[in-house]
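A.B. asks: from the sequence below, what's the structure:
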Amino acid sequence: MRRFKTKIEGMNKRRPSWRCKACDMWFMQKTKECVRCDSKELDYFSSQAEAKRYNELALLQRCGEISQLEMQPVFEIKIDDIHITNYRADFSYIEDDEEVIEDVKGAQTEVFRLKKRMVEAAYGVKIRVIKA
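C.D. replies: Modelled structure (predicted):
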């Protein structure tokens, strides 16, 4: 069973993109600075689905539905004060006075599922998985 109608559609979903923080211009290829405003501050998105979700969350933040939108927060996973690994989610924000952690995934790997369970147990949070 195929996930995408065409091979090109599947490749476009996984294509990384960058966004200029200063002027909000989008780039499909890696660049060191924005061609419009010469800013070197760029946001990186690992897929088109993640970039699309960021646009939705940014709009919700401007409307006041959510607050404190943070991109790629890092959660350190420790057991008995021994560092095991880090988990980097795609987004975290506050919605209805509750912290929400989101990850945009096309396919859930075993490593992702394990890290997700470990973070949920260690931090007492629920991670929302958005299907790409």
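A.B. asks: contacts and neighbour counts: CA atoms only from here.
C.D. replies: Fine.
A.B. asks: how about low-confidence regions in this structure?
C.D. replies: For the chain, applying pLDDT under 70 flags the ranges 1-14.
A.B. asks: can you give the domain ranges for it?
C.D. replies: According to automatic domain parsing, the chain comprises the domains 1-45, 53-132.
A.B. asks: how about JSON lines for those domains, with mean neighbour count added?
C.D. replies: Compiled in JSON lines, the domains of the chain are given as follows (neighbours: other C-alpha atoms under 10 Å):
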{"stretch": "domain 1-45", "mean neighbour count": "14"}
{"stretch": "domain 53-132", "mean neighbour count": "14"}
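A.B. asks: so who does residue 78 touch?
C.D. replies: By C-alpha atoms under 8 Å, 6 or more residues apart in numbering, the contact set of residue 78 is 84-85.
A.B. asks: give me the element it is part of.
C.D. replies: Using DSSP states H and E, residue 78 maps to strand 74-79.
A.B. asks: so how far is the helix or strand just after that strand off the chain centroid?
C.D. replies: Sequence-wise, the next helix or strand downstream of strand 74-79 (DSSP H and E) is strand 82-88. On the basis of C-alpha atoms, centre = their mean, to the nearest Å, strand 82-88 sits 18 Å off its chain's mean C-alpha point.
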